[in-house]
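what would the 3D arrangement of this be:
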Amino acid sequence: MDRSSGLNFFALLCAEPLVVVLIGPGGVGKGTLAARLIEREPRLWLSRSWTTREKRPVERGDEYVFVDDATFRRAIDEGRFLEWAAFHEHLYGTPLPDAPQDRDVLLEIEVQGAEQVRARFPDATVFLILPPSLFELEERLRLRGDHEAHVRQRLSSTPHELARGQALASYTIVNDDLERATSEILSILEGLRQLRRNPSSKD
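Numbers count the residues shown, from 1 in each chain. Have a look, this model is predicted:
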């Protein structure tokens, strides 16, 4: 385990950066939303997750660190993850972030992983990203090239994911328009930063 990375992250937490978590069912657009947030807000730093699933045809390859099962499990044994979870026969995990100083940490993860993050860091700000409708969610899953069996598997788990997500969420955002959803999240984050700069302004 690289202890310096973990220590850097915990030092940042002591300095009270925001820990921002995006969760939501597969196909809701978390990855696209995370990328747009990073483009528009230089104070955010994205911690890129690992996964053992294969890269989709529509992906560029930088959405995740794509690794095999043995590599992932070795990283678990070495204590290199902030959180990790098994989901639909694949492993997903977030390495201990090593964010630059004065940057807020953005995580785009599965609900199980967010539960681990919230347990360790109760002040994490969790955004549950919702689709405009289940029909729209199904269309997005098909458009990104998922196999039919995986689409059905994802859709069957969506109600359970949403219920768990609602229990975790600080805020819910409907991703019906990328720019509007991005602006809504950034507005909330700026309000939270102002509260941290001036705690006495809080009701």
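
what pLDDT is listed against His160?
Per-residue pLDDT puts His160 at 88.

next, it: phi, psi?
Per-residue torsions, His160: phi -70, psi -40 (degrees, to the nearest 10).

just give me the neighbour total for it.
His160: 11 surrounding residues under other C-beta atoms under 10 Å. C-beta coordinates here come from the backbone N, C-alpha and C atoms, glycine included.

from Leu141, how far out is it?
16 Å (C-beta to C-beta, to the nearest Å).

in stretch 129-141, what's buried?
Ile129, Leu130, Pro131, Leu137, Glu138, Arg140, Leu141 (16 or more other C-beta atoms under 10 Å).

which element is the fourth one on?
Here Leu137, judged by DSSP states H and E, is contained in helix 134-143.

how many other residues sit next to Val21?
Look at Val21: counted by other C-beta under 10 Å, it has 25 neighbours.

which SS class is it?
strand (DSSP: H, G, I helix; E, B strand; the rest coil).

name whatever forms a beta bridge with it.
Leu107, Val126 (DSSP bridges).

ok, it touching Val117?
Yes. The pair Val21 and Val117 passes the contact test of C-beta atoms under 8 Å, sitting 5.9 Å apart.

what residues are shared contacts of the two?
Leu107, Ile109, Ala124 (C-beta atoms under 8 Å, 6 or more residues apart in numbering).

residue contacts, the last one?
Applying C-beta under 8 Å, 6+ apart to Ala124 gives the contacts Val19, Val20, Val21, Val117, Arg118.

repeat that with 10 Å
Leu13, Leu18, Val19, Val20, Val21, Val105, Leu107, Ala114, Val117, Arg118, Leu168, Ser170 (C-beta atoms under 10 Å, 6 or more residues apart in numbering).

which pLDDT value goes with it?
Looking at Ala124, its pLDDT reads 94.

show me what contacts the closest residue to it other than its chain neighbours?
Distances taken as C-beta to C-beta, 6 or more residues apart in numbering put Val19 closest to Ala124, at 4.3 Å, once the chain neighbours are dropped. Residues near Val19 by C-beta under 10 Å, 6+ apart: 9, 12-13, 47, 82, 97, 99, 104-107, 117-118, 120-121, 123-126.

could you turn the buried ones of these into a PyMOL selection?
A single PyMOL command selects the buried members of those (16+ other C-beta under 10 Å):
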select buried, resi 9+12+13+47+82+97+99+104+105+106+107+117+118+124+125+126
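
tell me which of the contacts of Val19 fall in strands.
Assigned to strands by DSSP state E, the following of these qualify: Ser47, Leu82, Asp104, Val105, Leu106, Leu107, Thr125, Val126.

distance of the residue nearest the centre of the chain relative to Ile38?
The centre of the chain sits closest to Glu108, judged by C-alpha atoms, centre = their mean, with a distance of 1.4 Å. Separation of Glu108 from Ile38 (C-beta to C-beta) stands at 10 Å.
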